[in-house]
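**Q** Build me a structure from this.
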Amino acid sequence: MDIIETKIDVNSELYRKNLEDMTALVQDLEKELDRAANERSAKALKRHEESGKLPAQKKLDLLLDKNTPFLEIAPLAAMGLYDGKIHKAGLITGIGVIEGRECMISIGDATIKGGSVYPMGVKKTLRCQTIAMENRLPLITLMDSAGAYLPLQSEIFPDIDDGGRIFFNQARMSKMGIPQIVGVMGLCTAGGAYGVAMCDEIVHVRQHGAIFLGGPPLVKAATGEDVSANDLGGAELHCSDSGVSDYYAEDDAQAIRMIRNITKNLPDNKKSRLSMREPEPPLYDVKELYGIVGPDLSRPYDIREVIARIVDGSRFLEFKELFGKTLVTGWAHIHGYPVGILANNGILFSKSAQKATQFIQLCDKREIPLIFLQNINGFIVGSDYERAGITKDGHKMVNAVANATVPKFTMIVGASFGAGNYAMCGRAYSPRFLWMWPNAQIGVMGGRQAADVLISITNDQRQRAGQGNLTPEETEFIHKPVVEAALKEGNAYYSTSQLWDDGIVDPAKSRDVLGLALSASLNAPLRDREYGFGVFRM
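**A** Below you'll find the model as predicted:
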């Protein structure tokens with residue numbers, strides 16, 4: 001593979017401006033991540049400490065093998081939602097190593113509203129289950145929850161992607177042979193009780209942990225019986241009498257040691273094999289990405305410069321370099337793992353889509369994972385391009401992306417608009433993981449384009465009605481709120497709060513994030529379904 005020769009001038013005014021702006025965005029990201037991890041009320045922290053329970057982060061530290069990485073999933077979920085204090089949607093989730101084995105981990109944080117489950121907490125749990133199923137990862141859960149937040153029960157309970165789906169997924173995971181291990185470290189009421197009972201192995205902490213379909217207040221209201229939480233569903237009852245729980249732990253620390261031993265006792269899981277190479281760092285400093293890519297998405301840059309700072313040795317075997325130039329495709333390695341990369345260098349034309357379709361077929365046939373680097377405003381439009389077949393060529397690309405059976409990973413490094421989002425493996429096309437850079441924007445189209453379209457439509461309607469075009473004041477009245485709404489609802493923080501992605505990442509950490517995700521994906525077969533594609537419209 002050839003080394004990508006950089007053409008970046010680190011002393012240029014544009015580089016320095018981008019460096020300053022992106023550094024500020026990364027610093028803002030670090031502040032938000034710190035806030036989500038540490039902003040808790042003094043009352044909640046004191047109550048938690050007095051109860052003798054371990055903090056959620058301490059539980060995670062004890063659960064993971066020493067000096068191993070943790071790939072956190074959706075650390076800013078629910079940011080700005082509800083009262084703005086449901087940090088991480090009440091859960092620490094991610095992929096970590098336990099007794100040498102990669103696992104999906106979910107830990108309830110009872111210092112946030114007593115562990116009450118909010119709608120976004122349900123969505124985050126479902127996302128964790130999806131990751132566990134797609135990548136065949138054991139699911140380790142540490143439960144401490146006050147149950148559903150009842151004022152929002154209509155958003156938690158009834159629909160296909162609400163709380164009931166959690167238990168459906170648990171049943172499916174059990175059938176798939178995916179281990180589910182839970183530590184009961186607090187209240188597990190109603191749905192929480194079923195969520196525990198449907199796991200393979202249950203570790204129950206005395207005094208703290210309690211499992212019951214209806215808690216003491218409900219039992220009192222329904223039957224008149226006065227009973228404590230411990231007598232109703234504590235560790236002694238469920239380990240000795242009901243048989244719901246399997247292991248009795250004196251405290252959180254002992255429960256975590258037991259869970260580590262249970263994980264160690266799981267049968268070996270032989271990971272899928274790829275044609276690996278010895279890992280090597282990129283030839284160029286990864287932090288130069290700050291100077292290459294800035295928050296102004298209208299400033300062009302060569303996406304090869306981004307690839308050169310993500311892949312091993314900055315080596316890249318480019319496929320069809322002179323054809324469909326607005327899409328860069330080719331092969332490389334990331335932390336030794338072979339990958340096929342599709343990266344935007346402009347809007348998608350027919351030739352770009354044709355090239356993508358062929359390249360995806362090659363990678364899928366050869367069982368090479370796909371990496372999509374999105375900076376895309378969409379497909380080219382216009383009568384000449386429609387006559388040349390842009391719609392059917394775009395269809396081929398979308399078909400190939402949807403039907404590719406190898407693991408797919410998406411990093412949104414800039415714009416992600418319209419059908420370009422779909423064609424470059426947006427969330428709807430089930431990449432194993434999807435992340436955004438802090439400068440990224442997502443939507444049907446950019447705010448200015450959306451406002452211009454609305455103004456054009458309005459003027460057409462007025463002309464048909466025999467009226468004149470909008471005045472400058474009327475134009476501004478329409479234009480301004482549309483642009484503002486697009487900026488608010490299309491930025492990376494809005495996306496990540498809604499769990500449209502798996503997190504915002506520091507550009508300089510993209511290489512490591514991709515490497516961890518590639519490793520996790522190999523716990524599943526490279527191809528879970530039959531190789532092949534649908535009908536390509538010719």
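
**Q** drop to CA atoms for contacts and neighbour counts, all remaining ones
**A** Fine.

**Q** what stretches of the chain score poorly on pLDDT?
**A** Along the chain, the model assigns pLDDT under 70 to no residue.

**Q** Looking at it, which helix is longest?
**A** Ranked by residue count and defined by DSSP state H, the top helix of the chain is helix 13-38.

**Q** Show me which residues of that one are buried.
**A** By 16 or more other CA atoms under 10 Å, the buried positions in helix 13-38 come out as 14-19, 21-23, 25-26, 29, 32-33, 36-37.

**Q** and what of stretch 178-197?
**A** 178-189, 191-197.

**Q** now do stretch 505-521
**A** 505-508, 510-511, 513-518, 520-521.

**Q** Need the contact partners of that stretch.
**A** Stretch 505-521 is contacted from outside by 26, 29, 71, 95, 102, 134-137, 286-287, 289-290, 310-311, 334-335, 337, 407, 409, 432-433, 435-438, using CA atoms under 8 Å, 6 or more residues apart in numbering.

**Q** rerun at 6 Å
**A** Residues outside stretch 505-521 that contact it (CA atoms under 6 Å, 6 or more residues apart in numbering) are 135, 286-287, 310, 335, 437.

**Q** Now do the same contact list for the residue of the chain positioned farthest from its centre.
**A** In the chain, the residue that sits farthest from the middle, by CA atoms, centre = their mean, is residue 466; the gap is 50.4 Å. The contact partners of residue 466, by CA under 6 Å, 6+ apart, come to none.

**Q** Confirm it sits in a strand?
**A** No. Going by DSSP: H, G, I helix; E, B strand; the rest coil, the assignment for residue 466 is coil, not a strand.

**Q** Could you tell me the phi and psi values at it?
**A** phi 80, psi 20 (degrees, to the nearest 10).

**Q** Can you give me the distance of it to residue 460?
**A** The spacing between residue 466 and residue 460, counted by CA to CA, to the nearest Å, is 10 Å.

**Q** ok, now residue 248?
**A** The value you get for residue 248 to residue 460, if CA to CA is used, is 72 Å.

**Q** Between the two, tell me which one has more neighbours.
**A** Just comparing residue 248 and residue 460: by other CA atoms under 10 Å the higher neighbour count belongs to residue 248, 20 against 15.

**Q** Pretty sure residue 213 is one of the things residue 188 touches, is it not?
**A** No. Between residue 188 and residue 213 there is no contact under CA atoms under 6 Å: 8.3 Å.

**Q** still on that earlier bit, which members of the buried residues of stretch 178-197 are positioned in strands?
**A** Among the buried residues of stretch 178-197, the residues falling in strands (DSSP state E) are 180-184, 187-189.

**Q** Report the secondary structure state of residue 300.
**A** Quick answer, by three-state DSSP: residue 300 is coil.

**Q** do the same with the one 5 residues further on
**A** At residue 305 the chain is in helix, as set by three-state DSSP.

**Q** neighbours of it, just the number please.
**A** Neighbour count for residue 305, taken as other CA under 10 Å: 20.

**Q** Could you report the separation of it from residue 116?
**A** From residue 305 across to residue 116, the span is 45 Å (CA to CA).

**Q** Residue 445 now?
**A** 36 Å.

**Q** Between the two ends of stretch 241-255, what distance do you get?
**A** Terminal residues of stretch 241-255 are spaced 20 Å apart (CA to CA).
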